[in-house]
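# One predicted model, sequence on top.
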Amino acid sequence: MEPNLHSPERRLIELRIEHADLDALIDKAALAAPVDELLLRRLKKRRLLLRDLIARLELELDPKEPA
């Protein structure tokens, strides 16, 4: 059986990996001298976008049960 390259589960994994990569890149950029504030803001904005996408996809894959 061939894995689905466009499955929501695979997309979630890819987003989590990208988010972790951005975390590392942001940490590295924050330690650089001089600090590129514009680059840091852009990276952090992208990281927030990824976090929102991850949360939305997780909710789609595992919806909350009604009370």
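Perfect, I can see it now. Residues are numbered from 1 along each chain as shown.

# show me where this structure has helices.
Assigned by DSSP state H, the helices in the chain fall at 8-31, 37-61.

# by how many degrees do the longest one and helix 8-31 diverge?
Compare the direction of helix 37-61 with that of helix 8-31 by axes from the mean of the first three to the mean of the last three Cα atoms, to 10 degrees and you get 160 degrees.

# in helix 37-61, what's buried?
By neighbour count, and taking 16 or more other Cβ atoms under 10 Å as the criterion, the buried residues in helix 37-61 are 43, 47, 50, 54, 57. In short, each C-beta sits where N, CA and C put it, glycine included.

# I'd like the residues you listed as a markdown table, with pLDDT and distance to residue 31 appended.
Shown next, in a markdown table, are these (pLDDT from 0 to 100; distance: Cβ to Cβ, whole Å):
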| residue | pLDDT | distance to residue 31 |
| --- | --- | --- |
| 43 | 96 | 13 |
| 47 | 97 | 17 |
| 50 | 97 | 21 |
| 54 | 97 | 26 |
| 57 | 95 | 31 |
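
# Can you tell me which of these is nearest residue 12?
Each of these was checked against residue 12 using Cβ to Cβ; the closest is residue 57, at 5.0 Å.

# Spatially nearest residue to that closest one, not counting backbone neighbours?
Nearest residue to residue 57, sequence neighbours excluded (Cβ to Cβ, 6 or more residues apart in numbering): residue 12, at 5.0 Å.

# how close does that neighbour sit to residue 19?
Remark: distance between residue 12 and residue 19 (Cβ to Cβ, to the nearest Å) = 11 Å.

# shared neighbours, those two?
Contact criterion Cβ atoms under 8 Å, 6 or more residues apart in numbering; residues shared by residue 12 and residue 19: residue 54.

# Extract the residue ranges of the chain that are flagged as low pLDDT.
For the chain, the stretches with pLDDT under 70 are 1-3, 66-67.

# give me that answer again for 50
Applying pLDDT under 50 to the chain flags residues 1.

# these two touch, right, residue 30 and residue 39?
No - here residue 30 does not reach residue 39: they are 10.1 Å apart, not a contact under Cβ atoms under 8 Å.
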